[in-house]
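# Pasted the sequence and its predicted model underneath.
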Amino acid sequence: MEKIETERLVLRNFRKHDAAGLFEYLHEPVASCFLSLTLKDNSEAEAEAGRRSVDDEHIAVCLKNSDRLIGDLFAVPEEDTFSVGWNFNPSFGGAGYALEAAKAMFVSLFAERGARRLYAYVEENNTSSQRLCEKLGMRQEGLFKEFVSFKKDDDGVPIYENTMQYAILRKEWR
């Protein structure tokens, strides 16, 4: 992918040296949808950074002044539609980095990659991602009851979560 620069951030392909930053937020993922990506140690983080470095679906979000990885975005193409999402190190929360990065990705997807539609799945209890979708101009299209399970209870029974779908069309993008 072409590197994208914003006022405070650089969006780029992953590199091997991003492993330490990736481990910081994937050793204990905050959002349950990322539990399957939990990293046990630095060697797993190195392998994951290596896997992510070979495609454009995973986008590293780094501080412009230090190149420190603070989170990632993804954009999975489905013809003229992209499934989008984000995962950020909670240590950097509340500073507007996720909004700044996602806006830059949306601009790129609409203007350079010809996206007609972007959509995101957000768990019903993930209010910060819901607010981010709304700040990006996305609208809630639906609520899927007991849509997916990321965890099991003490007896091994799946705990199903309600999931919201947000979307925005290119013609709605401001």
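Thanks, I have it. It should be emphasised that the depicted structure is a prediction, and the values quoted were computed from it without experimental measurement. Numbers count the residues shown, from 1 in each chain.
# helix or strand for Val61, which one?
Remark: Val61 resides in strand 58-63, with elements defined by DSSP states H and E.
# in this protein, which spans are helices?
With DSSP state H as the definition, the chain shows helices at residue ranges 19-26, 42-52, 97-111, 127-135.
# Quick one: the strands in this protein, in order.
For the chain, applying DSSP state E gives strands covering 4-5, 9-12, 58-63, 69-78, 81-88, 117-123, 139-152, 158-169.
# strand partners of the first one, parallel vs antiparallel please.
With DSSP bridges as the test, strand 4-5 is paired with strand 9-12 (antiparallel).
# in this structure, which helix or strand is least confident?
strand 139-152 (a mean of 92; mean pLDDT, DSSP states H and E).
# Which other helices and strands does that one contact?
Applying 3 or more Cβ pairs under 8 Å, 6 or more residues apart in numbering; DSSP states H and E, we find strand 139-152 packed against strand 158-169. In short, each C-beta sits where N, CA and C put it, glycine included.
# Distance check, the closest residue to His17 other than its chain neighbours against Gly94.
Distances taken as Cβ to Cβ, 6 or more residues apart in numbering put Ala49 closest to His17, at 7.8 Å, once the chain neighbours are dropped. Separation of Ala49 from Gly94 (Cβ to Cβ, to the nearest Å): 25 Å.
# and if you look at Cys62?
The value you get for Cys62 to Gly94, if Cβ to Cβ is used, is 18 Å.
# now the angle from the strand holding Val61 to helix 97-111?
Angle, strand 58-63 to helix 97-111, by axes from the mean of the first three to the mean of the last three Cα atoms, to 10 degrees: 130 degrees.
# Begin at 546 from now on, thanks
Done: numbering now begins at 546, and the last item shifts to strand 603-608.
# partners of strand 603-608 in the sheet?
strand 554-557 (antiparallel), strand 614-623 (antiparallel).
# Can you give me the buried ones in it?
Buried positions in strand 603-608, judged by neighbour count with 16 or more other Cβ atoms under 10 Å: His603, Ile604, Ala605, Val606, Cys607.
# and that strand, C-alpha only, in CSV?
Taking Å, rounded to 0.1, in the frame of the first residue of the first chain, the C-alpha atoms of strand 603-608 are listed here in CSV:
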residue,chain,number,x,y,z
HIS,A,603,-3.8,-4.9,7.6
ILE,A,604,-2.6,-1.4,8.0
ALA,A,605,-0.1,-0.4,10.7
VAL,A,606,-1.0,2.9,12.5
CYS,A,607,2.2,4.6,13.8
LEU,A,608,3.0,7.9,15.5
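# sorry, back to before: mind putting the helices of the chain into CSV with mean neighbour count, mean pLDDT and distance to Lys716?
CSV is the format used below for the helices of the chain (neighbours: other Cβ atoms under 10 Å; pLDDT from 0 to 100; distance: least, Cβ to Cβ, whole Å):
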stretch, mean neighbour count, mean pLDDT, distance to Lys716
helix 564-571, 21, 97, 34
helix 587-597, 16, 96, 32
helix 642-656, 19, 97, 10
helix 672-680, 16, 96, 18
